[in-house]
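**Student:** no FASTA, just this:
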């Protein structure tokens with residue numbers, strides 16, 4: 001498993017846990033770092049901070065592309081994997097689109113429901129196809 005793959009998994013852990021605790025993901029990340037339990041790869045912090053910074057726009061896109069599903073109805077793992085995937089598609093210039101989608105698919109296959117991979121792939125594919133209009 002590559003270092004960035006591990007960083008994505010750790011970022012998902014932070015986002016997921018902070019959502020369950022109803023706390024800011026940045027606060028959770030900073031606390032983990034202060035406690036010596038923080039991420040071992042800087043990319044984890046880049047992902048968490050990036051998702052938080054752009055979360056309003058990311059969630060707006062997820063609402064528009066997830067036909068028949070509200071954010072609240074999605075499994076929490078799917079919701080946060082999608083947030084990571086959309087962040088990487090739109091804001092991580094050093095990550096090729098195919099890698100962003102592939103990494104999201106790997107996470108959702110390992111950690112979510114049997115139906116989740118098709119759903120996540122569909123949403124990320126739609127965002128990717130319309131990428132030029134969504135980077136604002």
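**Tutor:** Good, I have the coordinates. Quick caveat: nothing in here was measured; it's all calculated off a predicted structure. Residues are numbered from 1 along each chain as shown.

**Student:** now stretch 74-92, how far from the centre of its chain.
**Tutor:** 3 Å (CA atoms, centre = their mean, to the nearest Å).

**Student:** for this structure, which spans come out with low pLDDT?
**Tutor:** Across the chain, the ranges flagged by pLDDT under 70 are 134-136.

**Student:** Report the buried residues of the helix ranked longest in the chain.
**Tutor:** Selection of the longest helix in the chain by residue count, based on DSSP state H, yields helix 42-65. Buried residues in helix 42-65, counted by 16 or more other CB atoms under 10 Å: 43-52, 54-55, 57-59, 61-62, 65. Heads up, the C-betas are built off the backbone N, CA and C, glycines and all.

**Student:** helices or strands up against it?
**Tutor:** helix 3-20, helix 25-34, helix 76-91, helix 116-129 (3 or more CB pairs under 8 Å, 6 or more residues apart in numbering; DSSP states H and E).

**Student:** got the angle for the first one vs helix 25-34?
**Tutor:** Spelled out, that is helix 3-20. 120 degrees (axes from the mean of the first three to the mean of the last three CA atoms, to 10 degrees).
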